[in-house]
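S.K.: structure here, sequence nowhere to be found:
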């Protein structure tokens, strides 16, 4: 299986998972969405095993069988009222898996390059953050941690820290957008003689609307050029501004769903 075919299949399956998650937001379509996401994830696992020729690895099948047994046991034992805790816990397990993969990548310096090391470090950081946050959420929902607010003496320092975290988050979002766009363009431009660092400079310049280019943008394929256009808009407007605008739009839609009856009543 070629890299292009593998990436296309992976993209289609990812979209299928996201569509299934979106379907879960409605009661009527939630069962179908759950099945769609599960099937797409199962196919993605099989395709990955086939792509890297590890279908015959018995250890992987044993691990997946254990995970399947634990999942089936949890599905039978977890009560409906305990589903929020279960979802938070499963989300934490996903973060832990991402962190473990990142650590395994980092402990192989002879194999991992600069790009792989950077993405592995990001996977470890985000994975551990997801794990700890999910464990805290699950413990609070299950009553293991008290619900009373904790007031710190020097809460101003925490406020400053939250601002720093917000700024770092914005930077990470920008870095992720640039990195994803660079990876997609590098796949599209494979075999056309463009260096990865040149494409990284191109996407960074587009995101920051600098106007500089290490490669002639006109030599890129139309697909890459179309990808750079929304990246320029996203970088120019800013992640925080777009998030705020979308949040306000969703809030206004929710507010517009409620209509109170009105009637002119004549008295006298």
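M.R.: Received, thanks. Model, not experiment: these values are computed from the prediction.
S.K.: from now on I want contacts and neighbour counts done on CA atoms only, so please keep to that.
M.R.: OK.
S.K.: pull out the buried positions in stretch 196-206.
M.R.: The neighbour-count criterion (16 or more other Cα atoms under 10 Å) identifies 196, 199, 200, 201, 202, 203, 204, 205, 206 as the buried residues of stretch 196-206.
S.K.: just the residues you listed: which are in helices?
M.R.: Cross-referencing the buried residues of stretch 196-206 against helices under DSSP state H gives 196, 199, 200, 201, 202, 203, 204, 205, 206.
S.K.: ok, which pair from those residues is furthest apart?
M.R.: Farthest pair in these (Cα to Cα) is 196 and 206. Separation: 15.2 Å.
S.K.: return the backbone torsion pair for residue 28.
M.R.: phi -70, psi -40 (degrees, to the nearest 10).
S.K.: flag every buried residue along the helix or strand where residue 164 lies.
M.R.: Element membership for residue 164, per DSSP states H and E: helix 155-188. Using 16+ other Cα under 10 Å as the burial criterion, the residues of helix 155-188 that qualify are 174, 177, 178, 179, 181, 182, 185, 186, 188.
S.K.: distance to residue 65 and pLDDT added to those, as TSV?
M.R.: Shown next, in TSV, are these (distance: Cα to Cα, whole Å; pLDDT from 0 to 100):
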residue	distance to residue 65	pLDDT
174	39	85
177	36	85
178	38	86
179	35	87
181	36	86
182	37	86
185	37	85
186	36	85
188	37	84
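S.K.: tabulate those residues (TSV), appending distance to residue 49.
M.R.: Formatted as TSV, those follow (distance: Cα to Cα, whole Å):
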residue	distance to residue 49
174	32
177	28
178	29
179	25
181	26
182	26
185	25
186	24
188	24
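S.K.: and those residues, which is closest to residue 224?
M.R.: Distances from residue 224 to the buried residues of helix 155-188, taken by Cα to Cα, are shortest for residue 185, at 5.6 Å.
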